[in-house]
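**Student:** Dropping the sequence and predicted coords here.
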Amino acid sequence: MKLFNHENSLETIDNLSQNYINKQKHFLRFSSAFPILPIIVNLITLITFLMSRAHTEFFLSVRFLFYVITFSFFSLISLISIKQAIYLRNWNNITQEHRKIIKTSENHEKIVTLTDVFYDIINYMNLFKIYFIILNLVVTIYFCIYPFIIFKEKPKPIGGDIRYFPSMYFALQILNLISFVIIILYMIYMWYHFLEWNKKLKALKKYEEEMYNEVKKFFQK
Amino acid sequence: MSLLDYSLIKIFHFIPYMKERVYRTSSKIIENILEGILREKNKNRYENKGIKKTHLIKYCRLKSELAENYFNSLKNANYIKIYEEDWGQRKVTYIDITELGYTRYNWFVKINTELKLKTKKEKL
């Protein structure tokens, strides 16, 4: 069974892998930049809350709990975004090292193979799975309380007593709603990639098992 | 020195050690071996030879004893073939990839590049 032509097979493999690497870099870049607006909006609302005089009583109210959850949710998203950006930077260095090896036939001190590049992102995928499960737990709680904030508590952004500035209050409300929509889109985007990555990890596991079964009987201990 | 300082020093002492020694799974090593052979074959495609054993050991960053173990098991599993050639009075060991090894490496690339994984006829 031949998946690639024998002639120029390695060029095909390199081109395919380069396309894939670019695709993954695009995802990492986009997913780390996606939630910037909601994070900024929530930071503004937090600042307005801290600047308002009403926050001392507010700490004792039940609504404060909602805002703690909201804030922890956005902190988690920020952390994940930063983590994605850091990983992108590291992976970029690895892929560039690998490209140098492909392009030049000189002897390199540090050999980075395509397998290394692939396994690096596979390890990250496994780590990302854990982050994503935690994110989903928090997002579920956040989505459960959000309608309650809107319908029961009046859609007030984190920012206690700013009713004296109606235009600012309205602007913050609109921004909070927009950020909520962006968060939903962000979660859909992340879920799509999570499922893709999960499918790949499962296939890889199956492949590794098969290969291991073929080779393990010949291993000498 | 407090206990916290001591533990922090210990942790930072071990970080470089941990970075240098990264555990590699056997499947990663096998894929590295197959890739090394393919890359060398691609460089000297008109000679139709494999890769010298010593070059492959360097490419895969393995200790010779462990590499030997891997090469033997891959040879027995029919992923690679090992042969010797005369080089003056010496003998040089070459390692080449087989059709099965080539197919396995292609599958690995196919999975990693997230191409369509299964069709009705082809099964992993």
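**Tutor:** Ah, there it is.

**Student:** Helix or strand with the lowest mean pLDDT in chain A?
**Tutor:** helix A:55-58 (a mean of 57; mean pLDDT, DSSP states H and E).

**Student:** which stretches of chain A form helices?
**Tutor:** Applying DSSP state H to chain A gives helices spanning A:9-33, A:36-51, A:55-58, A:63-103, A:114-151, A:166-216.

**Student:** any idea which of these scores lowest on pLDDT?
**Tutor:** Looking at those, the lowest mean pLDDT belongs to helix A:55-58 (a mean of 57).

**Student:** coming back round to it: using JSON lines, lay out the helices of chain A together with distance to B:N78 and mean neighbour count.
**Tutor:** All C-beta spots, glycine's among them, are computed from the backbone N, C-alpha and C. JSON lines is the format used below for those (distance: least, CB to CB, whole Å; neighbours: other CB atoms under 10 Å in any protein chain shown):
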{"stretch": "helix A:9-33", "distance to B:N78": "19", "mean neighbour count": "16"}
{"stretch": "helix A:36-51", "distance to B:N78": "53", "mean neighbour count": "17"}
{"stretch": "helix A:55-58", "distance to B:N78": "71", "mean neighbour count": "13"}
{"stretch": "helix A:63-103", "distance to B:N78": "28", "mean neighbour count": "16"}
{"stretch": "helix A:114-151", "distance to B:N78": "20", "mean neighbour count": "16"}
{"stretch": "helix A:166-216", "distance to B:N78": "8", "mean neighbour count": "15"}
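
**Student:** got the ones you listed as JSON lines, with distance to chain B columns?
**Tutor:** JSON lines is the format used below for the helices of chain A (distance: least, CB to the nearest CB, whole Å):
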{"stretch": "helix A:9-33", "distance to chain B": "4"}
{"stretch": "helix A:36-51", "distance to chain B": "27"}
{"stretch": "helix A:55-58", "distance to chain B": "34"}
{"stretch": "helix A:63-103", "distance to chain B": "8"}
{"stretch": "helix A:114-151", "distance to chain B": "4"}
{"stretch": "helix A:166-216", "distance to chain B": "4"}
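
**Student:** what's near enough to touch B:S64?
**Tutor:** B:I57 (CB atoms under 8 Å, 6 or more residues apart in numbering or on different chains).

**Student:** same deal with A:I36?
**Tutor:** A:I36 touches A:S81, counting by CB under 8 Å, 6+ apart.

**Student:** quick one: what helix or strand has B:L62 in it?
**Tutor:** Assignment of secondary structure by DSSP states H and E places B:L62 within no helix or strand.

**Student:** State the distance from it to A:K216.
**Tutor:** 18 Å (CB to CB, to the nearest Å).

**Student:** got it, and A:R29?
**Tutor:** Counting by CB to CB - A:R29 and A:K216 are separated by 40 Å.

**Student:** same thing with B:F108?
**Tutor:** 17 Å.

**Student:** repeat for A:S17
**Tutor:** Counting by CB to CB, the gap from A:S17 to A:K216 is 27 Å.

**Student:** Who are the contact partners of the closest residue to B:R61 other than its chain neighbours?
**Tutor:** In space, and not counting its chain neighbours, B:R61 is closest to A:I111: 6.8 Å by CB to CB, 6 or more residues apart in numbering or on different chains. A:I111 sits next to A:I101, B:K58, B:Y59, B:R61 when contact means CB under 8 Å, 6+ apart.
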